[in-house]
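1. Generate a structure from the sequence data that follows.
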Amino acid sequence: MSSLTKQDKIYVAGHRGLVGSAIVRSLKRSGYTNIIGRTHKELDLTDQKAVRDFFEAERPDVVVLAAAKVGGINANQTMPAEFAYENMQIQCNVIKCCHDYKVKKLLFLGSTCIYPKMAPQPIPEDALLTGPLEVTNEAYAIAKIAGMEMCRFFKKQYGDDFISCMPTNLYGPYDNYDLSNSHVLPAMIRKFHEAKINNAPSVELWGTGSPLREFLYSDDMADACVFLLENYSGERHVNIGTGKEVTIKQLAELVKETVGFNGDIVWNSDMPDGTPRKLADVSKLHSLGWTHKVELEEGVKLAYDWFKENVEDARL
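-> Now for the predicted structure:
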């Protein structure tokens, strides 16, 4: 296992997104002082030469790959080719440069949508590749599986200290609030907030409200990532989550109450529900010595407070 030092140059790819910005905050809290990032304008990770030039110039000691093309059900269903192609380009370019430039540690972030649609619940790490994927995010999942397995193959063949983690559904500061491609929790926060401001009688939500989902506050996820960077070098990926779940209906009621919207919730059952249940088995992470701190009620309040204060900066 490569030991990190507080002076290591750490490149966080995707440092301005929900995941990357939280990891930067966590690294700083942990005393790491030499953290670098590049915006998409400064460095297009799908451009192989640009990525190689960046590694040649910067020579990072540690890399966290949190950059990806992401989106909700609608975006995944309408742009599967882009989701597959762009994510695989990013991963191939960054992972190969980490090997070629002898980066001492790489953390690759996936998502729990990599697991089969009908995986056992809670989902253990070894459920990977044991059945068909959920069709609504298949392209993204296949790209992420390829990246994760690539890290494993580089470790197996060359001994590179490349590890992967699979966070569950995340939310928090710098989330995406664009209703056409955001995830469920930020979409709810925005819908209820706007309905409250406009005195709307009701808010329409997709599906039946019956699916079960697990939600992890982004700063907890980031703390887990830093913990794994410092303490884990296993070949297999590690799930990151809370081990707790709620129905989408319960989540909607919580967000409605947090925002202070007094109207009705209308469920549009013509729209897809997605996977019926998706709970990560986090016993491996717990056995390594890490557990989450922020419960859902507190996290939703923190996320809504951030949204209200940063409506201008929020990705709408």
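2. Pretty sure P211 sits against I248.
-> Yes - using CB atoms under 8 Å, P211 makes contact with I248 at a distance of 5.3 Å. Glycine gets a C-beta too; all of them are placed from N, C-alpha and C.
3. Find residues that contact each of these two.
-> The overlap between the contact sets of P211 and I248 (CB atoms under 8 Å, 6 or more residues apart in numbering) consists of D273.
4. By mean pLDDT, which helix or strand of the chain comes out lowest?
-> Comparing helices and strands within the chain by mean pLDDT, DSSP states H and E singles out helix 73-78 as the least confident, with a mean of 77.
5. contact partners of that helix?
-> Contacts to helix 73-78, defined as CB under 8 Å, 6+ apart, come from residues F83, T136, N137, E138, A139, Y140, S180, N181, W206, P272, G274.
6. Which one of those residues sits in the busiest neighbourhood?
-> The member of those that has the most neighbours, counting by other CB atoms under 10 Å, is Y140 with 27 neighbours.
7. Now do the contacts for that one.
-> A68, K69, V70, G71, N76, F83, A84, N87, S111, C113.
8. Next: V226.
-> With the criterion set at CB under 8 Å, 6+ apart, V226 makes contact with I23, S26, L27, S30.
9. For those residues, pick the one with the most neighbours.
-> Those, ranked by neighbours (other CB under 10 Å): first place I23, 29 neighbours.
10. Make sure that residue is actually in contact with L65.
-> No - I23 is beyond contact range of L65, at 10.5 Å (criterion: CB under 8 Å).
11. quick one: stretch 228-237 to chain centroid distance?
-> Between the mean C-alpha location of stretch 228-237 and the chain-wide mean there is a distance of 17 Å, by CA atoms, centre = their mean, to the nearest Å.
12. and that stretch, C-alpha only, in CSV?
-> Extracted in CSV, the C-alpha atoms of stretch 228-237 (Å, rounded to 0.1, in the frame of the first residue of the first chain):
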residue,chain,number,x,y,z
LEU,A,228,-9.8,4.6,1.6
LEU,A,229,-6.9,6.6,0.0
GLU,A,230,-5.1,6.4,3.4
ASN,A,231,-6.1,2.9,4.5
TYR,A,232,-7.1,0.6,1.6
SER,A,233,-5.3,-1.1,-1.3
GLY,A,234,-7.4,-4.1,-2.0
GLU,A,235,-8.1,-5.4,-5.5
ARG,A,236,-11.9,-5.3,-5.1
HIS,A,237,-13.9,-2.1,-5.1
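13. secondary structure class for F307?
-> Secondary structure assignment for F307 (DSSP: H, G, I helix; E, B strand; the rest coil): helix.
14. wait, it sits on M188?
-> No - shown here, F307 and M188 do not form a contact pair, counting by CB under 8 Å, at 10.8 Å.
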